[in-house]
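> pasting a predicted model and its sequence here:
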Amino acid sequence: MTIKIAQLSCGTEYSSVQYEIDKAARSVGAKVVYPDVSFEDINEAVKRFGFNPRSPQLKLMIARAIKLADKKYDADAVFITSCFRCAEAALVRNELRRFIQENTNLPVVTYSFTERLKAAQLLTRMEALVTIVTKKDLLARERQTGLTAGLDSGSSTTKAVIMQNNKIIGKDWTSTGDVVKSAQQVLENAMKEAGVEFKQIEALGTTGYGRFNLGKFYNAKLVQEELTVNSKGAVWLADRQRGEATILDIGGMDNKAITVRNGVPDNFTMGGICAGASGRFLEMTAKRLKIEIEELGKLADKGDWRNAKMNSYCSVFGIQDLVTGLGEGKSFEDVAAAACHSVAEQVYEQQLQEIDVRHPIIQVGGTSLISGLVKAVGEVLGERPIVPPNSQYIGAVGGALLSSGLL
């Protein structure tokens, strides 16, 4: 079955990125489609929507969205995208995302592109849309059964978890080097802690950047992108499988903000343009302060970001602000707090504006162990996030849980 992803977009042909979008969709067995509309439909749609943008393509986006909302065009998922630089398009993109969610049950992803967009950057997003459409029953699974393992090969760290009868019985993590060797190391240590051998493992699930490589190496039952796997692991760890929640995962290379209903994602956004909003920036900050990343959070807890403000979206210029602050005699505590606040503020501005935040907010991933960042996210959002136990193992837990559904 070919999954039909309805594209609502502006500027993709002009910016020469449509080929890359189509290529990303094809690579996951999906097809990009466009709701048919007439000239009369466009005029009527703009009036109904209550906003008349200057761009004809934005008007077309609105008309196509209304076709979907009125169920006059069949699609399985929606991809809303516009140019990163266009303010009017950003406004329309966000309002259309909300409109689609209010009027359909279709999973939605929004994305702002640059002229340098490549298909690989969209692969995880397209794959997640297909997963949500084709594996709803699996994603709704709430319990792990049997003896299963999960491997999460992330950009910064590799994690392994062994689960049995809905409990974690072994786990380990290490910095990612060689993808396979890193996985072998953590899986071996996790099995040792669990007191089991590989031949006893009934199913294994892989996720993260190295999922395909590891899936092939271990002949995994589940090889799945991290957006759906991580959200599953997050709601299981936080014991929030029923109802609504927002998952916030600030990663080493990119960030994910995912809204879920009964454990199944229905809207997500994944950052990847500005490194200043990633965990990598905090690693750079720790290195400049000559401390371990594990110490950064406690240091930030003691500081006040207002004393050493950072005003850049770029990791390089952010570090420049940091160096300038230190040169002016700012304390390490204030600079650490400013770095955490800068990341939290950028995640809010760049990503959380693209979803409707639902409560509770569950913060996960390795950076959720940096207490100063969790504090900063709470200050920016006005609500301290839930950080569940083993929050850095979400991907591995999700892999072990979901793979048990394939036994």
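Noted; the coordinates are in hand.
> where does this structure have low pLDDT?
272-277, 311-317 (pLDDT under 70).
> and the spatially most central residue of the chain, what element?
The centroid of the chain falls nearest to residue 256 when counting by Cα atoms, centre = their mean (2.1 Å). For residue 256, the host element (DSSP states H and E) is strand 255-261.
> between strand 255-261 and the helix or strand following that strand, find me the angle.
Towards the C-terminus, the helix or strand next in line after strand 255-261, according to DSSP H and E, is strand 264-270. Interaxial angle of strand 264-270 relative to strand 255-261 (axes from the mean of the first three to the mean of the last three Cα atoms, to 10 degrees): 160 degrees.
> tell me what strand 264-270 is packed against?
Here strand 264-270 touches helix 87-103, strand 108-113, helix 119-134, helix 136-139, helix 226-237, strand 255-261, going by 3 or more Cβ pairs under 8 Å, 6 or more residues apart in numbering; DSSP states H and E. Just so you know, the C-beta spots here come from the backbone N, C-alpha and C atoms, and that holds for glycine as well.
> what does that strand rub up against?
97, 101, 105, 107-111, 124-125, 128, 132, 136, 139-140, 227-228, 231, 254-260, 351, 354-356 (Cβ atoms under 8 Å, 6 or more residues apart in numbering).
> what's the spacing between the residue nearest to the centre of the chain and residue 121?
14 Å (Cβ to Cβ, to the nearest Å).
> repeat that for residue 399.
23 Å.
> more neighbours: which of the two?
Under the criterion of other Cβ atoms under 10 Å, the comparison of residue 399 against residue 121 puts residue 399 first, with 38 against 19.
> how about the residue nearest to the centre of the chain, nearest residue that isn't a chain neighbour?
residue 249 (4.4 Å; Cβ to Cβ, 6 or more residues apart in numbering).
> CA-only coordinates of the helix or strand harbouring that neighbour in CSV, if you can.
Using DSSP H and E, residue 249 falls within strand 244-250. Taking C-alpha atoms only, strand 244-250 is exported to CSV below (Å, rounded to 0.1, in the frame of the first residue of the first chain):
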residue,chain,number,x,y,z
GLU,A,244,-2.3,13.8,26.0
ALA,A,245,1.3,14.9,26.5
THR,A,246,4.1,16.7,24.8
ILE,A,247,7.5,15.0,24.4
LEU,A,248,10.5,17.3,24.3
ASP,A,249,13.8,15.7,23.4
ILE,A,250,16.7,18.1,23.0
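> list the strands paired with that strand, with their directions.
In the sheet, strand 244-250 lines up against strand 255-261 (antiparallel), strand 361-364 (parallel) (DSSP bridges).
> what residues of it count as buried?
Neighbour counts over strand 244-250 (16 or more other Cβ atoms under 10 Å) mark 245-250 as buried.
> for this protein, just list every one of the strands.
For the chain, the strands defined by DSSP state E occupy 3-10, 30-33, 77-83, 108-113, 147-153, 157-164, 167-175, 203-208, 222-223, 244-250, 255-261, 264-270, 361-364.
> residue 47: which of these is closest?
Closest of the strands of the chain to residue 47 is strand 3-10, at 18.1 Å (criterion: Cβ to Cβ).
> name the helices or strands packed onto that closest one?
helix 18-27, strand 30-33, helix 56-69, strand 77-83, helix 87-103, helix 119-134.
> mind doing that once more with 6 Å?
strand 30-33, helix 56-69, strand 77-83, helix 119-134 (3 or more Cβ pairs under 6 Å, 6 or more residues apart in numbering; DSSP states H and E).
> by contact count, what packs against the first one?
Just to be clear, that refers to strand 30-33. Strand 30-33 packs on strand 3-10, going by 3+ Cβ pairs under 6 Å, 6+ apart.
> so which bits of the strand it packs on are buried?
3-10.
> over to stretch 207-219?
Buried residues in stretch 207-219 (16+ other Cβ under 10 Å): 207-211, 214-215, 218.
> can I get those in TSV with distance to residue 63?
Putting the buried residues of stretch 207-219 into TSV (distance: Cβ to Cβ, whole Å) gives the following:
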residue	distance to residue 63
207	37
208	39
209	38
210	42
211	38
214	44
215	41
218	48
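> out of those, which comes closest to residue 302?
Looking across the buried residues of stretch 207-219 and measuring by Cβ to Cβ, the closest to residue 302 is residue 208, at 33.3 Å.
> now that closest one. Nearest residue, chain neighbours left out?
Using Cβ to Cβ, 6+ apart, the closest residue to residue 208 is residue 153 (4.0 Å).
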